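**Student:** predicted model follows, preceded by the sequence.
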Amino acid sequence: MKKIISTNEAPGAIGPYSQAVRSGSFLFCSGQIPLDPKSGQIVSGDIAVQTRRVLDNVAAVLRAEGLTFDNVVKTTIFLTDLGDFQTVNEVYSSYFKQDPPARSTVQVSALPKGAKIEVEAIAAAGEAQQTAYDTSG
């Protein structure tokens, strides 16, 4: 069972996909690029400005389901230039202040609309029901 999530506070999908999909206690957020939700255009500015816009867009999608960055368990960051890694980390850490999620960061040759960054996220809506233990011996 899945529930399609949509909010006007984040940019609308620019293709055949949903802003997010809820399945059970997980919310799968599609990748967000630095589009202004009102104009639908890429925000002007450097990688720090674009990163803030992307994370604000992710926050809007999370809010649509009553969630916050504290609920995020995994993110993937796509960058067109890994030289931007440190700046992105600085901005990112201001959104994920404690207990940051698991994360992957990859460089890609291009992103939609000429964006420099895209971030997708997976959030858990409920509390963890079980603690993982190392059973390797």
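**Tutor:** Received the coordinates, thanks.
**Student:** what are the contacting residues of stretch 82-101?
**Tutor:** With contacts defined as C-beta atoms under 8 Å, 6 or more residues apart in numbering, stretch 82-101 is touched by 46-48, 51-52, 55, 59, 69-70, 72-75, 77, 79, 105, 107, 116-117, 121. Where C-beta positions appear, they are placed from N, C-alpha and C, glycine not excepted.
**Student:** in it, what's buried?
**Tutor:** D84, V88, V91, Y92, Y95, P101 (16 or more other C-beta atoms under 10 Å).
**Student:** do the same with stretch 46-57
**Tutor:** I47, Q50, T51, R52, R53, V54, L55, D56, N57.
**Student:** just to revisit the earlier point, just the buried residues from the contacts of stretch 82-101, in PyMOL please.
**Tutor:** Buried residues among the contacts of stretch 82-101 (16+ other C-beta under 10 Å), as a PyMOL selection:
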select buried, resi 47+51+52+55+59+69+72+75+77+79+105+116+117+121
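**Student:** so which of the contacts of stretch 82-101 are in strands?
**Tutor:** V72, V73, K74, T75, I77, L79, T105, Q107, I117, A121 (DSSP state E).
**Student:** ok, the first one - contacts?
**Tutor:** It refers to V72. V72 touches L62, F96, P101, A121, I122, A123, counting by C-beta under 8 Å, 6+ apart.
**Student:** pLDDT wise, what is I14 at?
**Tutor:** pLDDT, I14: 80.
**Student:** with Q98 instead?
**Tutor:** Q98 is given a pLDDT of 90.
**Student:** what strand or helix carries it?
**Tutor:** For Q98, there is no enclosing helix or strand under DSSP states H and E.
**Student:** now it. Its backbone dihedrals?
**Tutor:** The phi/psi pair for Q98 (degrees, to the nearest 10) reads phi -140, psi 150.
**Student:** next one: phi and psi at L62?
**Tutor:** phi -60, psi -50.
**Student:** same question, the one 5 residues further on
**Tutor:** As for L67, its main-chain torsions (degrees, to the nearest 10) stand at phi -110, psi 170.
**Student:** cheers, nothing more for now.
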